Structure formats: structure tokens, C-alpha cells
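[1] A predicted structure for the sequence below; I have some questions about it.
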Amino acid sequence: MQIPITVYVAVAIFQHAALAICTKLLTSGTIIAFDDKTQQLQVIREGSLLIEGDQIISISDVAIPGNISENVEVIDCTDKIITPGFIDTHRHGWQSVFKTLGSNTTLAEYAGRYSAFVSQPLLSPDDIYISQLAGIHEALNAGVTTILDHAHHTWTREHATAGLNASVDSSARVFFAYAFQNIPGFTIQDQITHWRELAPTVSGDLATLAIAYDGWMGDLQDPDTQAVMKLALESKVKVLTTHDVEGPWPLYNTPEVLQRVGILNKSIPIVISHGSQVTANSAQLLRQTNQYISITAESEMHYGHLHPTSHLILDQASLGVDTHFTFSTDILTQSRIWLQSTRARLYRDAIDNWKIPANNPMSVNQAFLLATRNGGLALGRPDLGVIMPNAKADILIWDGRSPGMLGWADPIAAIILHANVGDIKDVMVDGEFRKRDGKLVIKDYAKVQDRFLQSAKRVQDEMKGIPLPIPEGTFMGGYPYGPVLQVDTQRGEGTGYGPSYV
């Protein structure tokens, strides 16, 4: 059988593996690989995957090749599906301690109670460290192997360092985007100095120091903006990220704005978070400069940003989670929500014109690529989010015999539409297990949990004392508030919405 990806014959594979240290062979599994020549996903049934150190060496259609060296760790993947790890291109990991407090919040309420500037007095550097660490472990458990973390807890040197240290200690692949924002006593100029001091301390390929900045939309000659851009260019920063929430929301770091500043067309990968209301001109700029947006589908529904046009630029899009304390932490859920919401939006065009849809507008393959390969491309890392030779060995192994997946024929559809994160039995980052046989492989994880719970209880008790903002007048001096119809699931006045139980 001939398959159009690089494949070593069995003898060659294991002659190579016999000389290797930390070599793993995944056998007899169904592999969702990527063919770089055809630019398509490729399903290899009853195949094997050879990993040496942190890289994928080869993929074979032979289930259990012969001549296996005793130095090779053989992992039986019979009835299992092997995929690349998920990539999250927008998250605020430090907010884990707020879990379940914001279940019914609007974006305006979030800004007035849970945002970085409001939360600052409540969290010590120790709180930031354990919240970030536990949040990344939560993501790892859910199969998220790479995270672009928009770290806007950079209130002091100690707070910023704590979040970075947690990211390093997490054993996940984290792009820690240090947020530059003017804080009393710790200005953007101070933060730039701190960033430069931290940069030499971050080594290896798992933790990467990146940049987050939301001030592009102001004066283009602003000294802070110019200083951030100078830092990005001089340091050849690996990734730069920014928020873009348009319409009535006052956070419009659009592709057009970034182009005017002169940063969009540089070689630095830029991830524009949300980009919910990109214009045709925005889309053209993203394609011309090969830059990406991060669609956080559940967040944009939860908070009310919505996403009226971002489905039109999926070739330059990836997926993110955003504020995971309010909803799902996993990219699997985001891909499923985005797939079905996009289908619904495009079906409506036909239904509103009294026509029967003649085709399905978006496939499970596309949803899978958004959750994996597109995330790697957004970060400027074509070796992430794919299973192919020379790619990083960030791997998930799914239980194909779980109750929800039993009987699958299409492994991609099984993952995107039928699996849950409990079906992820093994997670590898850089070729090392972070989850095995359904349990996290984290040193002293019980102590991490206990420490996190102590921090969360104290922070949440204080947070409950902060009243939610009253939505009157205008939001941040801009557009007015407007009432939204609330639905009822029970008869009788005031019985449907119910109280909060925090």
C-alpha cells in the first residue's frame, strides 16, 4: 500500500530507533496525519507512529513492524485514534481562581468585575502562580498542548514573573504574551525593561516569551506604542497578540490599524483575538500579510461580541478559549460550537429565502484543522498541530471504544462531533506524557490542587463582595446599554431565570 506521506520501511524505522534514546512507537492505531503535499488530512488505519525525543520521525501503514529494539517503548493503540494536540491561540490563564463566578455575565459586567484592572487588588503573585498553573493543567487534561496566553496580570514585576514561572513549570507548550499596559507605579516603559530582563531566562522550546499589546488603536506616534513596536522588532519576538472587538465595543485593534502602525506586514506572527467583525478590507490584509485571528466561539456567544463576519476568513483563522473561568476550557468544545454555529448562519441564507439547503456549508475536516494546524500556522509554527515527519510530538490518544465513540467509521467526525475530553486517554507534549491512562502525569498534583483551592476560596470570597456594575447610561463613555429579551423555562412571573448560587 502506498500513502502520500514520508514513510520508512519497517526495517529502516527500527534500525534508526535502536540507536535512539527516549524513542516511542505507537502501534496499531488510527492516525489522523497531515499530508504536506496535498495539504489535506490523511487517515491511516492500523498504522504506527515513531517518535524520537520531541519529534515525529515517521508514520507507517504497518500496524506492528518487526525488528523492534528493546530500547523502544511500544504503546499499543489498538482501537484508539491518534491526533495532534489542540492549539489554543487566546487564553487568560491567570483567571482560573474565578471558576463559575461569571456564568451569566455580560462583557460589560466582566469589565467591571473580573477584568485585569479590577482584579488587581485581590491576587497576590502566589495567587497568580497557582491559578495559572492549575489552569494550564486543566487545559492539558483536555488535550490542549499549546497555548497563547494573553497575560494581562502584569501589574508588578512579581505578578508578571509569577505567571511566567507557572507557564514554565506547567510542562505545556506556552507562548506567554506579556501584556504591556500602563499601571500606576509600573508603566509600560518599566514593563519593557522587565521583559528584556526576563527574555534571557526563558530557554528551550516549551515556554516562549511573547508580547501582548492593546494600544495600537490610539495615537500612532504614542511613545509607548513606538516602544512596544521597537521591542518586538529588535527582539524578533516569536508572537505578538492583541484584542480586537469592534462594533459598539471600544477595543478595535483591527488589521487596518495594525497596518497603519506598520507592524502587520512584518515577519512577526500576529494573532488578533476575536476579530469578530472583520471587514472585507481586514480580510484582504490578513491574507496579504499571512496573519491570523483567533475565534473564541463560546466566549463571543457568552459575552455578546458575536461573530457576524469572522466565518468569511477561516483560511486565516484559529481557535481560542478566552476567559475559561466562565465556560469550557477545551478547544474540542470550541471547534464543535464554531462548526455548528457557522452551519446555522450559512443555512439561514437559504432558509430565509424559502430555499432548501442543497449542501452542508462546513465540514468536520475544516473544524479539525482550525483546532490543530491553523493554530500552529497562526503562531508561525508549521511544526505544531500536525502529525507528519519532523513535526513536534504533541500527541493525543483517544479511546475509540468509549460509549460515545463506539462504532465510528470516520475518525475525524468521531472526534469533532462525538467525543468528549474524557475520551482523551493520553497526552504527550514534546514527546513526553503529560497525561497517561486518563490521569495527569504531574508531580505532586494533589498538592497543586490543594494550594489552588485555598487560593480560590480566599479570592472568590473577596470577589463576591464586589457588586456587579449597574448597566446604566453608556459603556465606557461610548455606546448606550440596551435591554435584551430574557427567556423563561417555567411559567409564572420571575421563575425562569433563577438566582445565582455562587
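    Good, I have the coordinates.
[2] what mean pLDDT does stretch 389-396 have?
    Stretch 389-396 shows a mean pLDDT of 98.
[3] tell me how far the ends of it are from each other?
    With Cα to Cα, to the nearest Å as the measure, stretch 389-396 spans 16 Å from end to end.
[4] Show me what counts as buried in that stretch.
    If you call a residue buried by 16 or more other Cβ atoms under 10 Å, then stretch 389-396 has these buried ones: Pro389, Ala391, Lys392, Ala393, Asp394, Ile395, Leu396. For every residue, glycine as well, the C-beta is placed using N, CA and C.
[5] how about those in JSON lines, adding secondary structure and distance to Ala409?
    Formatted as JSON lines, these follow (DSSP: H, G, I helix; E, B strand; the rest coil; distance: Cβ to Cβ, whole Å):
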{"residue": "Pro389", "secondary structure": "coil", "distance to Ala409": "27"}
{"residue": "Ala391", "secondary structure": "coil", "distance to Ala409": "26"}
{"residue": "Lys392", "secondary structure": "strand", "distance to Ala409": "29"}
{"residue": "Ala393", "secondary structure": "coil", "distance to Ala409": "27"}
{"residue": "Asp394", "secondary structure": "coil", "distance to Ala409": "26"}
{"residue": "Ile395", "secondary structure": "strand", "distance to Ala409": "22"}
{"residue": "Leu396", "secondary structure": "strand", "distance to Ala409": "20"}
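[6] Now do the same for Thr495: its pLDDT.
    pLDDT, read off for Thr495, is 65.
[7] Next: Ile466.
    Looking at Ile466, its pLDDT reads 84.
[8] Please name the nearest non-neighbouring residue to it.
    Distances taken as Cβ to Cβ, 6 or more residues apart in numbering place Arg113 nearest to Ile466, at 5.7 Å, with adjacent residues excluded.
[9] what residue is smack in the middle of this structure?
    Nearest residue to the geometric centre of the chain (Cα atoms, centre = their mean): Asp88, 1.0 Å.
[10] which residues touch the helix or strand it falls within?
    Assigned by DSSP states H and E, Asp88 falls within strand 86-91. With contact meaning Cβ atoms under 8 Å, 6 or more residues apart in numbering, strand 86-91 is reached by 135, 139, 142-150, 241, 271, 273-274, 292, 294, 296, 318-322, 324, 330-332, 371-372, 374-376, 378-379, 384-385, 396.
[11] what's the spacing between Asn365 and Gln39?
    11 Å (Cβ to Cβ, to the nearest Å).
[12] neighbour count winner among the two?
    Using other Cβ atoms under 10 Å, the more surrounded residue of Asn365 and Gln39 is Asn365, with 15 against 9.
[13] For the more buried one, list the residues it contacts.
    Counting by Cβ under 8 Å, 6+ apart, Asn365 touches Leu41, Ile412.
[14] For my notes, confirm Arg434 occurs in a strand.
    Yes: the assignment for Arg434 by DSSP: H, G, I helix; E, B strand; the rest coil puts it in a strand.
[15] Next one: it, what pLDDT does it get?
    Per the predicted model, pLDDT is 98 at Arg434.
[16] What of Asp426?
    98.
[17] okay, now the closest residue to Leu440 other than its chain neighbours: neighbour count?
    Excluding the flanking residues, the one nearest Leu440 by Cβ to Cβ, 6+ apart is Asn141, at 5.6 Å. Asn141: 20 surrounding residues under other Cβ under 10 Å.
[18] re the thing from before, contacting residues for the residue nearest to Ile466?
    Gly102, Thr105, Met463, Ile466, Leu468, Pro469.
[19] In contact with the third one, which residues?
    With contact taken as Cβ under 8 Å, 6+ apart, Met463 is in contact with Phe98, Leu101, Arg113, Tyr114, Ser119, Leu122.
[20] got a list of what the nearest residue to Asp169 once chain neighbours are set aside touches?
    Of all residues not flanking Asp169 in the chain, Leu133 sits nearest, at 6.2 Å (Cβ to Cβ, 6+ apart). Contacts for Leu133 (Cβ under 8 Å, 6+ apart) come out as Ala166, Asp169, Ser170, Val448, Phe452.
[21] Which of those has the largest number of neighbours?
    Result: Ala166 is most packed of the contacts of Leu133 (other Cβ under 10 Å), 26 neighbours.
[22] That one is in contact with Ile128, isn't it?
    Yes: contact criterion Cβ atoms under 8 Å: Ala166 and Ile128 qualify, at 7.3 Å.
[23] Report the two of the contacts of Arg113 separated the most.
    Across the contacts of Arg113, the longest distance by Cβ to Cβ is 13.7 Å; it joins Met463 and Pro469.
[24] Which residues does Thr242 form beta bridges with?
    Ile272 (DSSP bridges).
[25] Quick check: it vs Tyr252, distance?
    Note on Thr242: its distance to Tyr252, by Cβ to Cβ, is 10 Å.
[26] who's more crowded, these two?
    The neighbour comparison of Thr242 against Tyr252 (other Cβ under 10 Å) goes to Thr242, with 26 against 16.
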